[in-house]
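Engineer: generate coordinates for the sequence data below:
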Amino acid sequence: MGLFLSLCGFALPSVAQLQPLAASTVPDAVRTESPAEDAALDQQPPGTISGTVEDQSGAVAVGAQVHLTRQEQSSGQDTLTGDNGQFSFSHLPPGPFHLKVTATGFRTQEVSGVLHSGEFYIVPQITLAIAAAETEVKVGLAPEEIALEEVKIEEKQRILAIIPNFYVTYSADAAPLTSKLKFELAWKSSTDPFTFTAVGALAGLEQATDDFSGYGQGMQGYTKRYAASYADIFAGTFIGSAILPSVFHQDPRYFYKGTGSTRSRIFYALANSVICKGDNKRWQPNYSSVIGSFAVGGLSYLYYPASDRNVNQVVIQNALLRIAESSFAGIFQEFVVRKLSRQPRTAAAPQP
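Structural biologist: Below is the predicted model:
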């Protein structure tokens, strides 16, 4: 048979010739990486993942749990957000990752991304939304109880953790305030330490520029200016934000809009001084603010120096100025305050 194949032009390779072929080709097809490539992967510099967690009001979320998982890990890593709402994972190898953020009373938020070699990856701000279960519990409460809880939150709102920011709500469907709560907010605002400090600075400025010269100079003049300025603020707060809102059944707070075009938000903020929400949650003319501004101007006419008791300047101009200030305060609330306003931490957060 072999002779026949040889005569037909076919050559059979020997066994010795077949063995080198099997030894050289098969392992090369199976092997995917060399030892040098494995070492290069191990030497890639690690990276860091960090970010900030806040709630819907813009307050930092302290003590929220952040769980990090990666493709090569089965259990993952955990940490808690600190006092500033920030978290960080360091010394991480490059590759895809997944974050899961959880906090009591809020819906779980998840974020995915890819960490590159040596990268300091900053996760876009994570905002926690109130869990549906918590909303369902609040529906069962009486409106007065809901309003009380909302006011407790508002009484903690401060700009840069110092300036009171009590008269703004970030809930579009906030419960109407009872008369008791309106007076409570007015009292807390009027007696806040920052209010006394601000009045003192204003009285000092008026004395330096000799405004209301009838008060004179020296400590006596400063005391009179201080008393007059505080009386304006106290009367304005109680008349425009407590007494008249109780009479007209109107809400003295600013309802943060936060959505829509910039133009629509500007018009909304400017109109806030003459339009407000009633206790029936419907928009209506802001009688409390307009009438209150003129009432405070008329009241201040009684204790201003006789030489400065000009009806046009003291009553009308001051009233119009208060209305204008309310409009511009709305713009400040709409575009600036929320970024600067934070709620103070009420309990110590557990350490990671």
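
Engineer: ok now the stretch of helix or strand residue 289 belongs to, how far from the chain's centre?
Structural biologist: Counting by DSSP states H and E, the element that carries residue 289 is helix 287-300. Taking the mean C-alpha point of helix 287-300 and that of its whole chain, the gap between them comes to 33 Å (CA atoms, centre = their mean, to the nearest Å).

Engineer: which residues does that helix contact?
Structural biologist: The contact list for helix 287-300, computed with CB atoms under 8 Å, 6 or more residues apart in numbering, reads 228, 231-232, 235-236, 239-241, 243-245, 247-248, 250, 252, 273-274, 276, 314-316, 318-320, 322-323, 326. Where C-beta positions appear, they are placed from N, C-alpha and C, glycine not excepted.

Engineer: what stretches of the chain score poorly on pLDDT?
Structural biologist: When residues are selected by pLDDT under 70, those of the chain lie in 1-43, 74, 132-140, 310-314, 342-352.

Engineer: residue boundaries of the helices in it?
Structural biologist: According to DSSP state H, the chain carries its helices in the segments 2-7, 15-30, 35-42, 132-139, 143-154, 179-190, 193-208, 218-238, 244-248, 262-271, 287-300, 318-332, 338-340.

Engineer: please name whichever of those helices is nearest to residue 78.
Structural biologist: In this view, those are compared for proximity to residue 78 by CB to CB, and helix 132-139 is the closest at 23.0 Å.

Engineer: give me the residue at the spatial middle of this structure.
Structural biologist: For the chain, the residue nearest the mean C-alpha position is residue 58 (1.2 Å; CA atoms, centre = their mean).

Engineer: please name the nearest non-neighbouring residue to it.
Structural biologist: residue 338 (4.8 Å; CB to CB, 6 or more residues apart in numbering).

Engineer: from residue 296, how far out is residue 276?
Structural biologist: Look at residue 276 and residue 296: by CB to CB, to the nearest Å, they are 17 Å apart.

Engineer: now residue 131
Structural biologist: Separation of residue 131 from residue 296 (CB to CB) stands at 43 Å.

Engineer: name the residue in these two with the higher neighbour count.
Structural biologist: Counting neighbours by other CB atoms under 10 Å for residue 131 and for residue 296 shows that residue 296 has the greater number, 24 against 15.

Engineer: what about the more buried one, distance to residue 218?
Structural biologist: Using CB to CB, one gets 28 Å for the distance from residue 296 to residue 218.

Engineer: and residue 193, by the same measure?
Structural biologist: Relative to residue 218, and taking CB to CB, residue 193 is found at 26 Å.

Engineer: what's the burial count for residue 286?
Structural biologist: 26.

Engineer: report the contact partners of it.
Structural biologist: Contact partners of residue 286, counting by CB under 8 Å, 6+ apart, are 250, 272, 273, 274, 275, 276.

Engineer: 7 Å - rerun?
Structural biologist: 250, 273, 274, 275, 276 (CB atoms under 7 Å, 6 or more residues apart in numbering).

Engineer: including distance to residue 170 and neighbour count, could these go into CSV?
Structural biologist: Written out in CSV, the entries for the contacts of residue 286 read as follows (distance: CB to CB, whole Å; neighbours: other CB atoms under 10 Å):
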residue, distance to residue 170, neighbour count
250, 19, 24
273, 20, 21
274, 22, 14
275, 19, 13
276, 17, 22
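
Engineer: closest one of these to residue 144?
Structural biologist: Within the contacts of residue 286, the smallest distance to residue 144 is 17.1 Å, found for residue 250 (CB to CB).

Engineer: surely residue 51 touches residue 89?
Structural biologist: No. Between residue 51 and residue 89 no contact is recorded; they are 9.6 Å apart, counting by CB atoms under 7 Å.

Engineer: for residue 70, give the beta-bridge partners.
Structural biologist: residue 97 (DSSP bridges).

Engineer: and the gap between it and residue 98?
Structural biologist: Plainly put, residue 70 is 8 Å away from residue 98 if you go by CB to CB.

Engineer: who has more neighbours, these two?
Structural biologist: Just comparing residue 70 and residue 98: by other CB under 10 Å the higher neighbour count belongs to residue 70, 17 against 14.

Engineer: contacts only, for the closest residue to residue 163 other than its chain neighbours.
Structural biologist: Closest residue to residue 163 in three dimensions, ignoring its sequence neighbours and counting by CB to CB, 6+ apart: residue 194, at 5.8 Å. By CB under 7 Å, 6+ apart, the residues touching residue 194 are 162, 163, 164.

Engineer: by neighbour count, which of the residues you listed wins?
Structural biologist: Greatest neighbour count in those, by other CB under 10 Å, goes to residue 164: 20 neighbours.

Engineer: how close does the closest residue to that one other than its chain neighbours sit to residue 237?
Structural biologist: Using CB to CB, 6+ apart and skipping residues adjacent in sequence, the residue nearest residue 164 is residue 192, 4.9 Å away. Counting by CB to CB, the gap between residue 192 and residue 237 amounts to 10 Å.

Engineer: out of the two, which sits in the busier spot?
Structural biologist: Legend: neighbour count by other CB under 10 Å for residue 192 and residue 237, higher for residue 237 (23 against 16).

Engineer: isn't that one right up against residue 184?
Structural biologist: No. Contact between residue 237 and residue 184 fails when scored by CB under 7 Å: they sit 11.9 Å apart.
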